[in-house]
Structure formats: structure tokens, C-alpha cells
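**Student:** here are the coordinates; sequence isn't available:
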């Protein structure tokens, strides 16, 4: 799931009246994002966002069998851009940046994460890919040691250990406890797990950029740079899509954009600690779509490993220290954004 960060901070010169109508308020003469406290609305929107993420992963699984990964990622970014623009316009579209190099690096890493997601959903059962995408918080802890010089608590180390035990159960259980996905290549599990690590790195880059950049600025530059990068590679990997493929690609981009809008609205409606657990509804949708659309029957290993991974994530969410100076909203996406 790419994570994206939304930080409540001072405005950047956009019109105050338009901002207030779009969910922003004036504080001490400056415009900031308004934080609502509607738990039911936030939970509903976040659960709905995970549904659209599961649907776009299913469509990527379909198109991944006939089209190149780069082609899929290009159309996903292209057709999701209008939704990103809608979000950006609500808070004032700002493309000016003093850290263009940071946006380039973030987009490159994000592009790798997105490509790995398409590869994973193409070869793995949807539910198993979804479960492994929940390892991003675990990798965040591991990467925070060398990159952020943080010292994880004992509780976090326990959560990491439990989570990776769940990964081992999911990855090895296909022939031991699972329903028997004998056609699933072992390397696909490595790709899905690697996507969790790369996705965590993307999240850390977003955190660093958001210290000086608006979240909408980060999202816009990501969409622009990813579209340009994949467009440049298209002549070398182009495969003519059928009409059905074109419809799927349009839907992939639209669903990605809709999911991003819903996530943004969800985390603006309630605190992340309150509605964060509803992000795991994605596993229910993935299992249901995999069963109905691809005849994928999750095995016992997937459920056992999934409980361990999700349990570790909920434990960390429960024991996360609230920040006093600013409110941070993080959205998770197993689609690798």
C-alpha cells in the first residue's frame, strides 16, 4: 500500500474563503486544514477506500497477465491525476517547491513500489498480497534505526517479531497449512515482502518532505513525475491493449484516485488512532474478490499469518505516542502508491 502523509499546517497563500468552504479554517489570521471528529464517517470512508483499493488490485491482476507492468502503472497514474488535482485544488494547488530533488527521489522509490505491487498481485492470490502489504509498519520500525536514528521500544520489537512470524507462516504455509497454491512462485512472496519494505521507505521520504512541503504538493509532483517516467519507457515495452484492457486501465486509474480521495476525507474526519484499524477491511475485500472473481480460497496459513501481522500492526497503532505539536494523518495503501 503506498502511505501518504497529510499534515495540518499553515496555508500557502491560497484564497481563504475558498479554503474555508473546502474544509479549511482560519487560525490567527492564517488558513489551516480543519480537523473534524466524526468517527462513523471516518470509519465508513476508510473502509470504502480499502474496497476501491482491492478492486484496482483485482483489475491490475487481470491486465498484468497481458500487458507490461510499466504500461499499467503509466495509465494508473495518468487516469488518477484528475482526482489528485481535485484534492489539491481544495487546499490550494501549489507546485512551487524548494526540494525538487526530494520529489524526484520519492517518485522513483514510489514507482518501484507501485511496480512491485502490480507484479505481486499478478502472481499471488489477492488476499495473500494484501496481508503481506501490511508489513509496511514493521519495516518502518527497522528502517527508522539507520535512517532516522530512532530507538524502538521493547513493545515495538515484540510487534516486529510477531509480525514477521506471520510473514513466515503466510509464505511457507501454501504447502503446509494452506489450501495449496502450488502454482504460485516462491519469488512472488519475496516481491510482495520487498514491496512492504520499499513502501515503508516511501513513507519515510514523505515524512521528510512534509516538513516543508504541502501534502498536495507531494501528491501532485508524484503523479506528474511518475507519469512522465513511465511515458518515457512506453515505446520500449508497449503492448497494444484490447478494448477490455483499455476499460480496465481507465478503471484502475479512477479507482486509485477515488481511493485517495476517500482516504484523505477519512483521515480528515477522525483521528488516525480511532479509525486506523478499519484500514484492515482491505483483507476482507481482497479475500472476497479473490474468491468470487479468481476462485482463490484462502488457506488456514493465510488466516493465521494474517492475524499475526494485523495484530502486530494494531498493537503498534494502539501504543503509538500522540504528537503534541501537530496532527499527522497517514493513509495506507496496499496498492503501492
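**Tutor:** Looks like it came in fine. Model, not experiment: these values are computed from the prediction.

**Student:** so where does residue 205 fall, helix or strand?
**Tutor:** Using DSSP states H and E, residue 205 falls within helix 186-209.

**Student:** show me what that helix is packed against.
**Tutor:** Contacts defined by 3 or more C-beta pairs under 8 Å, 6 or more residues apart in numbering; DSSP states H and E place helix 186-209 against strand 3-7, helix 100-123, helix 126-133, helix 136-148, helix 154-172. Where C-beta positions appear, they are placed from N, C-alpha and C, glycine not excepted.

**Student:** can you add distance to residue 216 and mean pLDDT and give these back as TSV?
**Tutor:** Listed next are the helices and strands packed on helix 186-209 as TSV, based on distance: least, C-beta to C-beta, whole Å; pLDDT from 0 to 100:
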stretch	distance to residue 216	mean pLDDT
strand 3-7	9	40
helix 100-123	13	95
helix 126-133	24	93
helix 136-148	22	89
helix 154-172	31	88
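
**Student:** quick one, which of these is nearest to residue 294?
**Tutor:** helix 126-133 (6.9 Å; C-beta to C-beta).

**Student:** packing partners for that closest one?
**Tutor:** When contacts are defined as 3+ C-beta pairs under 8 Å, 6+ apart, helix 126-133 sits against helix 39-63, helix 100-123, helix 154-172, helix 186-209, helix 281-294, helix 300-318.

**Student:** relative to helix 281-294, how tilted is the helix or strand residue 250 falls within?
**Tutor:** Using DSSP H and E, the element containing residue 250 is helix 243-267. Interaxial angle of helix 243-267 relative to helix 281-294 (axes from the mean of the first three to the mean of the last three C-alpha atoms, to 10 degrees): 160 degrees.

**Student:** any buried residues in helix 243-267, and which?
**Tutor:** Using 16 or more other C-beta atoms under 10 Å as the test for burial, helix 243-267 gives 245, 248-249, 251-267.

**Student:** before we move on, the earlier item: deepest of the helices and strands packed on helix 126-133, which one?
**Tutor:** Between the helices and strands packed on helix 126-133, helix 39-63 has the highest mean count of neighbours, a mean of 23, where neighbours are mean count of other C-beta atoms under 10 Å.

**Student:** pLDDT of it, averaged?
**Tutor:** The average of the pLDDT scores along helix 39-63 is 94.

**Student:** show me what it is packed up against.
**Tutor:** On a contact count with 3+ C-beta pairs under 8 Å, 6+ apart, helix 39-63 meets helix 69-91, helix 100-123, helix 126-133, helix 243-267, helix 272-275, helix 281-294.

**Student:** and the residue lying closest to residue 51 once chain neighbours are set aside, what's its pLDDT?
**Tutor:** Spatial nearest neighbour of residue 51, chain neighbours left out: residue 285 (4.9 Å); criterion: C-beta to C-beta, 6 or more residues apart in numbering. Note for residue 285: predicted pLDDT of 95.

**Student:** so residue 285 sits right up against residue 54, yeah?
**Tutor:** Yes - applying C-beta atoms under 8 Å, one finds residue 285 in contact with residue 54, separated by 3.7 Å.

**Student:** got a list of what the closest residue in space to residue 86 that isn't next to it in sequence touches?
**Tutor:** Distances taken as C-beta to C-beta, 6+ apart put residue 261 closest to residue 86, at 6.8 Å, once the chain neighbours are dropped. Each residue near residue 261 by C-beta atoms under 8 Å, 6 or more residues apart in numbering is listed here: 83, 86, 87.

**Student:** could you dump the residues you listed into a markdown table with distance to residue 43, pLDDT and neighbour count added?
**Tutor:** Shown next, in a markdown table, are the contacts of residue 261 (distance: C-beta to C-beta, whole Å; pLDDT from 0 to 100; neighbours: other C-beta atoms under 10 Å):
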| residue | distance to residue 43 | pLDDT | neighbour count |
| --- | --- | --- | --- |
| 83 | 21 | 88 | 22 |
| 86 | 23 | 85 | 13 |
| 87 | 20 | 81 | 21 |
